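Would you be able to build a 3D model of this:
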Amino acid sequence: MAVAVFMASAVFLAGCGDKSAMENAPLKIGVMAGPEADVMKVAVEALKKNGDFAVELVEFSDYVSPNIALADGSIDVNAYQHKPYLDIMIKNRGFKLAAVAKTFVYPIGAYAKKITHIDQLKEGAQIAIPNDPSNEGRTLLLLHKEGLITLKDVSNLEATPADIIDNPKKLIFIELDAAQLPRSLDDVDLAFINSTYSVPANLLPSRDALIVEDKKSPYVNLIVAREDNQNDPRILALVKAYQATAVIKAAERLFKGSAVPGWL
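Residues are numbered from 1 along each chain as shown. Reported below is the predicted structural model:
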């Protein structure tokens with residue numbers, strides 16, 4: 001597991017609200033480093049104008065650490081994962097977490113340097129895929145839909161290469177941490193990369209992906225809290241600030257048209 005990168009920058013939100021709220025520790029929000037963090041900063045600025053509590057952004061570089069930090073109380077809320085992934089983490093690790101709101105769909109797409117069309121994929125081609133359970137299954141479902149493989153059960157969101165029952169091109173799957181996938185393009189024939197990592201690498205789903213999820217994708221990201229703090233007024237204020245026009249515009253700019261609001 002990659003070590004979380006803590007780039008915490010406290011943003012103190014001045015106001016004249018309840019004194020006890022000001023004396024409490026800041027609301028710590030876990031986000032993925034990069035454009036997702038920059039989108040969240042827009043919501044923080046909105047809170048700065050209207051709130052009476054402090055906020056601290058904690059940036060991570062992997063998909064596991066933000067839920068561990070949330071579950072153990074190191075942070076109060078996170079915004080980086082979709083429901084299938086959250087469900088797997090709750091099931092496998094027993095985390096007492098709860099989704100409180102939707103954010104954006106960040107489509108996953110297949111990118112390549114060695115080919116320009118998916119039909120050019122040769123027998124024995126090497127395919128780099130995310131190694132976290134839900135995004136791996138998400139990728140394999142796209143390959144199944146494209147007709148490149150056949151899965152035993154298309155309703156299994158945790159599918160792995162072991163669940164492939166037909167692989168006519170004898171594709172070879174290489175499982176990598178999501179953050180490493182853009183760097184793998186020189187070495188593999190095809191890599192499936194989430195927009196969180198493809199856009200900073202100047203790979204746009206609408207322009208560069210050979211296969212891409214459509215806007216009907218069920219993989220909308222979430223704001224997630226613990227069961228014991230999901231009704232914290234500060235978190236509800238965060239949701240309101242996030243699901244706003246200014247945040248949509250920021251996501252449109254930062255993700256270059258590749259982020260789809262999931263709450264509208």
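
Any regions of the stretch 151-264 of the chain where pLDDT drops low?
215 (pLDDT under 70).

Test my guess that residue 124 contacts residue 168.
No: assessed by C-beta atoms under 8 Å, residue 124 is found out of contact with residue 168, at 11.4 Å. In this view, the C-beta of every residue, glycine as well, is placed from N, C-alpha and C.

Can you list the residue ranges for strands in the protein?
With DSSP state E as the criterion, the chain has strands at 9-11, 27-32, 55-60, 77-82, 97-105, 108-111, 126-130, 150-151, 164-166, 172-176, 190-194, 211-212, 220-226, 260-261.

Export those strands as JSON lines, with columns for mean neighbour count.
Shown next, in JSON lines, are the strands of the chain (neighbours: other C-beta atoms under 10 Å):
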{"stretch": "strand 9-11", "mean neighbour count": "13"}
{"stretch": "strand 27-32", "mean neighbour count": "25"}
{"stretch": "strand 55-60", "mean neighbour count": "23"}
{"stretch": "strand 77-82", "mean neighbour count": "25"}
{"stretch": "strand 97-105", "mean neighbour count": "21"}
{"stretch": "strand 108-111", "mean neighbour count": "25"}
{"stretch": "strand 126-130", "mean neighbour count": "24"}
{"stretch": "strand 150-151", "mean neighbour count": "17"}
{"stretch": "strand 164-166", "mean neighbour count": "12"}
{"stretch": "strand 172-176", "mean neighbour count": "16"}
{"stretch": "strand 190-194", "mean neighbour count": "27"}
{"stretch": "strand 211-212", "mean neighbour count": "20"}
{"stretch": "strand 220-226", "mean neighbour count": "22"}
{"stretch": "strand 260-261", "mean neighbour count": "18"}
